[in-house]
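A.B. asks: Need the 3D shape of this:
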Amino acid sequence: MIQRFQVGKRLSEMAVYNGVAYLAGQVAEDDALDMYGQAKQVLASIDKLLAEAGSDKSRILMAQVFVANMIEFDEFNRAWDEWVSEGNAPPRASIEAKLANPNWKIEIVVKAAV
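C.D. replies: Numbers count the residues shown, from 1 in each chain. Got it, this is the predicted structure:
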């Protein structure tokens, strides 16, 4: 059975199937923040969604990071390094991409074991 969380007209924020949580791309609520601030908000959103599924950041299987401007990537990594579960850093891909909102600096997609 597929469980969907925070279902909207266009997308669900998360689906859980067969012991894996699949999160939609998470972006900052406050797009006026700098990269570090947006990254902190996105990572907090990931924590909240994973908790709803009965999981946490130590159980992330894969993270995909979409960065609007790689010049700011060090600021993202600073937030990530403060957040990531010690000894459980997941596989991660980082890609420079044009995001849907020109004020978003970062979008993160994760899959995690439940």
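
A.B. asks: CA atoms for contacts and neighbours, from now on please.
C.D. replies: Fine.

A.B. asks: After the lengthiest helix in the chain, which helix or strand is next?
C.D. replies: In the chain, assigned by DSSP state H, the helix with the most residues is helix 35-52. The helix or strand immediately downstream of helix 35-52 is strand 60-67, counting by DSSP states H and E.

A.B. asks: Going by contacts, tell me the helices and strands next to that next one.
C.D. replies: strand 92-96, strand 106-113 (3 or more C-alpha pairs under 8 Å, 6 or more residues apart in numbering; DSSP states H and E).

A.B. asks: List the strands paired with the shortest one, with their directions.
C.D. replies: What it means is strand 92-96. With DSSP bridges as the test, strand 92-96 is paired with strand 60-67 (parallel).

A.B. asks: what about the strand it pairs with, distance to the chain center?
C.D. replies: Distance, stretch centre to chain centre, for strand 60-67: 7 Å (C-alpha atoms, centre = their mean, to the nearest Å).

A.B. asks: Let me see the contact set for residue 94.
C.D. replies: Residues in contact with residue 94 (C-alpha atoms under 8 Å, 6 or more residues apart in numbering) are 64-67.
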